Each structure stands twice: as structure tokens, then as C-alpha cells.
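[1] no sequence on this one, just coordinates:
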């Protein structure tokens, strides 16, 4: 950014303008990279157009650092935008602007995101004095009195947290719908899913309420909503980002936490601010050679990329999703990378059965643990039908089968590591379908059998990289003919998050997506 100034009054006027009318930037406007921030000379009041939403997180932090806007003014600007947009999206489980204001007044650390408004997913992370419900009626009154390790690191980075975003019950499906909170809608099409399970976060970032938001990914739950909402979504290497202290792994190491962002550089800088093992952590990801933010400006070199388009189990693949992956391969080839068609040598049923066994057993334990704070055993009346069915299946798993599932996941990791001795990156569609209508993937379906088929066919690619612990990202490189975002997934070797960020930044520069915005 340059040193020209935007006045506080200007930014407040711009934010007020955003509440008067809808966001008017549409997918027909030229794309511009969020990493290349608009000149402050261009920040002006012009009808219903507000320039505020063209800044990424680091850009907003720069305004704060230069005293061109205060954190409280920035929070108020976001509050106005949130109040104008969220009623259409239903993206939050809890809102606490009062706590955010108190956080600012207590003084913010001089972190890389000082003063930038931020939201937490209502799953797996604790912010003292706020409810963490996990999207379930069982925990609807669960109010921890402490911050989790990751939340403490967010605060140290200077982020100002004002809401918890919606999640399906226990993050168990690839849409964000629950009995507790209802349906979260996709800002690109309000009748479609915003993805799951970080769909509340993706909806708020896509509608430019915030430039980035917390997410977690146990089987694709950062990458899937990133694909559905046209965002950058990185699932880091296992153990890269802490999730304690109440638990140090989710689903036997399959669940990873990070964020959904507009710009690649925000994702990198946030990873710098939060990465590193915590006391008691059972996993240690390889230490980076240098800060991840420096990778954004680095040349990725000439990568060997395996193009794996076919769905792992031979389920249907929508032509738009196939085209997105093939076009991405052509783009990579034009950037000097070597593309070779190759499928990972993993039997899908072998991997998926192990993954589902671990998920079911973990869920059964969660419901069993819930009996203590609830004061009684959880029943089928307390949770949604698919949740109950999965938990009951978990109770039926014997100890040998559970141990075998964990051993199988380790062997899947070994097979993938051997495969990637030849390839730096695996390129595939993120999803096998564009965002589906709301209701299709709900945990309270008309038929559990139909739900099982639909959820398997929608997201067959992502869970593999949760099992192996490899870094994997969805990049917004394609939009369908009817204006729906379709992501492309790139997955790297274990520990090589830096390489993925270098590639992502190169793709962002070659085919910018920050200017692609929904009309809501």
C-alpha cells in the first residue's frame, strides 16, 4: 500500500453506505488480487460502492498501524456490514460485539493483524465467556471459562473476535445446516449450500463481512466451503496448528484447524501467527525454513503435478468440476509446471472404511462424555438422525476393528508418501458437484440411505488428505455458467505447506479471484 491517507470519517461513511444497499460488486466486474490493495486515494464514497471490502486482513491492519482508522472504528464498520448482510445468510451461532469492544479497550497486542475483526467457528475452539455448542443442542449452553491455545494466539496476533459462526452438528456433514441454528445460505445463491462444516465462516468471508475467518477441516471442512463460496482454503499439515488444551487431536488426527481467506497472503501470515506445537501436543509438523508470508513472493519452481480428475470410487463427476480441474492443469502448464495424469494408488473403500470407523468411534465417545454435563445419557431425541446413527455404529465397533482402522490410516499415509516421491503436487477437483441445494446434505434427512449416497457423491476427494495429514488447499479458479464458484484442490507432501503457498500465490497472480464477488 502507499502512504496516502484515508480519513476515519471516510471509512465510516463508506461502511454506512454499505448498509444502505446491497453489495453491488458482481462477478462481471474485473478481478483484482487482494494482495494488491487499492490506493487509498481511490477510497471514496461513490453511490452504493464501498472500498472498505477491497482490503484483505493485512491491508486493514496496515490502516490501523498508520493510524488512518482505529480498531473500534473498524469494528463498527464491520458491524454495520454484518447487520446488513447476515440476516440473509444466517451465518452466526452467537454474536458478541460488546466483548469485541471490551477486547479493544483493554489494549491490543502489536501483532500482524492488530485491530482486524475476526470470527471463530462454533466447533472445537473455546473463547472464554462465549458458548461453544458444536452445532448441537446437547452443548447449547456450554460456556467455557478459558481460551483455547489457538484462540490465545489469535488474540496475540491482534485479531478482534466478535462472533461464532455456524457449523452442522459436530461438523459431521458437508453443508452447514442444523436443528439448532437452521440453514446457512451461500451468498452466491441463497438456495444453495455454503459448504460444510465451516459454512458460516465461508459465507461471511465470501460476502466480505470479514476478510478471513477461522475454520476446521476433519474431512474437507475448510476446502469444501472454500470451493462453494469462491475462497482460498488451506488445510495445513497435521500438527501445524494447535487445537488444545481440552483435546489435542480430533478424529485420531484427521481434524486440522486454520482459516478461509480471500488472499493467499492472509492465510500465510495467519499461519505464521498460529503455527507451532503446544504443551502436551502429540504431533509435531516439520518446522518451516522461513516465515510462510515470505513464501508468497517466492518462485515455486517447476513442479511435477499429478492430475487426478476421476473420482476415487468411480462416482459421477459434474462436467463443470471436471472442466475446472482441467483448466487449472492448463494454467499450471502455462506457468511452466509439468502435468501428468496419475491417480494415487489408494483403494477408496479401504481408506474410507478406516476413516468412517474412526469418526464413528470418536462421535460415540463425544456423546458418552456429554452425559456428565447434561446430567443424563444422550438419547436420539437430543441429536439429529444421522448423528445418532453414526454414534450407534461407533458403539458397535470392537477394539480390534478400531485398532485396525488406525493402522490402516497409517498405511494410507505411507502409500501416499511413496506416490509423492515422484510428484510434488496432486491436482484434482475439490468437489464432484457445484454447491447443491440446501436440504440435500442435512443431518436430518428424509432418508439416511439417500443422505449417505448424496454426501459421498458430493465430496469424494477431500478426506484422503485428512487421513494422511498432508497439506491441501482449495483454490477459487472457476465459476460455473450460472455463476457458482467451483474450487480446484492442490495437495502437497507432508510438511510442505510452504510449497503450496508459493503455488497458490502464483495462481492468484495469474488468475486473480478477489474481484469475484457475490451479489446478495
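    It's in. For clarity, every value in this text was computed on a predicted model and none was experimentally measured. Numbering: from 1, shown residues only.

[2] who touches the nearest residue to residue 140 once chain neighbours are set aside in this structure?
    Of all residues not flanking residue 140 in the chain, residue 133 sits nearest, at 5.1 Å (Cβ to Cβ, 6 or more residues apart in numbering). The C-beta positions use only the backbone N, C-alpha and C, and glycine is treated the same way. Applying Cβ atoms under 8 Å, 6 or more residues apart in numbering to residue 133 gives the contacts 93, 122, 139, 140, 142, 180.

[3] Could you provide those in JSON lines, with additional columns for neighbour count, distance to residue 325 and secondary structure?
    What follows is those, written out as JSON lines (neighbours: other Cβ atoms under 10 Å; distance: Cβ to Cβ, whole Å; DSSP: H, G, I helix; E, B strand; the rest coil):
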{"residue": "93", "neighbour count": "27", "distance to residue 325": "34", "secondary structure": "strand"}
{"residue": "122", "neighbour count": "30", "distance to residue 325": "32", "secondary structure": "coil"}
{"residue": "139", "neighbour count": "20", "distance to residue 325": "38", "secondary structure": "helix"}
{"residue": "140", "neighbour count": "13", "distance to residue 325": "40", "secondary structure": "coil"}
{"residue": "142", "neighbour count": "16", "distance to residue 325": "40", "secondary structure": "coil"}
{"residue": "180", "neighbour count": "19", "distance to residue 325": "35", "secondary structure": "coil"}
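
[4] so which of those comes closest to residue 227?
    Minimum distance to residue 227 across these is 20.9 Å, recorded for residue 122 (Cβ to Cβ).

[5] State the pLDDT value of that closest one.
    With respect to pLDDT, residue 122 scores 98.

[6] Next: the one 4 residues further on.
    The score at residue 126 is 98. That number is its pLDDT.

[7] Around it, how many other residues sit close by?
    The tally of other residues near residue 126 (other Cβ atoms under 10 Å) stands at 22.

[8] got it, and the one 5 residues further on?
    By other Cβ under 10 Å, the residues close to residue 131 number 18.

[9] what do you get for residue 449?
    Residue 449 has 9 nearby residues by other Cβ under 10 Å.

[10] Show me what the longest helix along the chain is packed against.
    For the chain, the helix with the greatest residue count under DSSP state H is helix 348-374. Contact partners of helix 348-374 among helices and strands, from 3 or more Cβ pairs under 8 Å, 6 or more residues apart in numbering; DSSP states H and E: helix 385-395, helix 399-419, helix 464-468.

[11] Take these and lay them out in JSON lines including distance to residue 456 and mean neighbour count.
    Listed next are these as JSON lines, based on distance: least, Cβ to Cβ, whole Å; neighbours: other Cβ atoms under 10 Å:
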{"stretch": "helix 385-395", "distance to residue 456": "13", "mean neighbour count": "19"}
{"stretch": "helix 399-419", "distance to residue 456": "18", "mean neighbour count": "15"}
{"stretch": "helix 464-468", "distance to residue 456": "13", "mean neighbour count": "27"}
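
[12] The residue nearest to residue 140: what secondary structure?
    Judged by DSSP: H, G, I helix; E, B strand; the rest coil, the three-state class of residue 133 is coil.

[13] Name the secondary structure element that contains the closest residue in space to residue 495 that isn't next to it in sequence.
    Among residues not flanking residue 495 along the chain, residue 286 sits closest, at 3.6 Å (Cβ to Cβ, 6+ apart). Assigned by DSSP states H and E, residue 286 falls within no helix or strand.

[14] In the protein, which residue is most central in space?
    The centroid of the chain falls nearest to residue 222 when counting by Cα atoms, centre = their mean (2.9 Å).

[15] Would you mind listing the residues in contact with that one?
    198, 215, 216, 233, 234, 235, 256, 258, 259, 260, 474.

[16] Swap in 7 Å and give it another go.
    198, 215, 216, 233, 235, 258, 260 (Cβ atoms under 7 Å, 6 or more residues apart in numbering).

[17] Check residue 416 too.
    Contacts of residue 416 (Cβ under 7 Å, 6+ apart): 344, 346, 468, 470.

[18] could those residues be laid out in TSV, adding pLDDT, secondary structure and distance to residue 501?
    As requested, the contacts of residue 416 are arranged in TSV below (pLDDT from 0 to 100; DSSP: H, G, I helix; E, B strand; the rest coil; distance: Cβ to Cβ, whole Å):
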residue	pLDDT	secondary structure	distance to residue 501
344	97	coil	22
346	97	coil	25
468	98	helix	19
470	98	coil	14
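
[19] Of those, just say which sits nearest to residue 252.
    residue 468 (12.5 Å).

[20] ok, the closest one touching residue 413?
    Yes: with contact defined as Cβ atoms under 7 Å, residue 468 reaches residue 413; the gap is 4.4 Å.

[21] Next, residue 475: phi, psi?
    When read as degrees, to the nearest 10, the backbone of residue 475 gives phi -120, psi 130.

[22] Would you mind naming the residues that bridge with it?
    According to DSSP bridges, the partner residues bridging residue 475 are residue 488.

[23] Confirm for me that it is in contact with residue 504.
    Yes: between residue 475 and residue 504 there is a contact under Cβ under 7 Å: 5.9 Å.

[24] Tell me which of those two has more neighbours.
    residue 475 (28 against 24).

[25] Contacts only, for that one.
    Contacts of residue 475 by Cβ under 7 Å, 6+ apart are 232, 487, 488, 490, 504, 507.

[26] please redo it, this time with the cut-off set to 8 Å
    232, 328, 487, 488, 489, 490, 504, 507, 508.

[27] count of neighbours near residue 130?
    23.

[28] rewinding a little: common neighbours of residue 475 and residue 504, please.
    Common neighbours of residue 475 and residue 504, counting by Cβ under 8 Å, 6+ apart, are 232, 490.

[29] hmm, back to that, now the longest helix of the chain: mean pLDDT?
    pLDDT averaged over helix 348-374 gives 97.

[30] before we move on, what about stretch 248-258?
    pLDDT averaged over stretch 248-258 gives 97.

[31] Now do it: distance to the chain's middle.
    Taking Cα atoms, centre = their mean, to the nearest Å, the mean C-alpha location of stretch 248-258 is offset from the chain mean by 14 Å.

[32] Stretch 478-487 too?
    18 Å.

[33] ditto for stretch 62-78
    For stretch 62-78, the distance to the chain centre is 25 Å (Cα atoms, centre = their mean).

[34] end-to-end on it?
    One end of stretch 62-78 sits 16 Å from the other (Cα to Cα, to the nearest Å).

[35] Of all the residues in that stretch, which ones are buried?
    Within stretch 62-78, the residues that qualify as buried are 62, 63, 64, 68, 69, 71, 73, 74, 75, 76, 77, 78, counting by 16 or more other Cβ atoms under 10 Å.

[36] Could you do stretch 319-333 as well?
    Going by 16+ other Cβ under 10 Å, stretch 319-333 has these buried residues: 320, 321, 322, 324, 325, 326, 328, 329, 331, 332.

[37] For the chain, give me the ranges with low pLDDT.
    1-50 (pLDDT under 70).

[38] where do the strands sit along the stretch 1-150 of the chain?
    Counting by DSSP state E, counting those that start in this stretch, the stretch 1-150 of the chain has these strands, from start to end: 92-95, 117-121.

[39] and residue 372, which of those strands is closest to it?
    strand 92-95 (22.7 Å).

[40] strand partners of the closest one, parallel vs antiparallel please.
    According to DSSP bridges, strand 92-95 has these partners: strand 160-165 (antiparallel).
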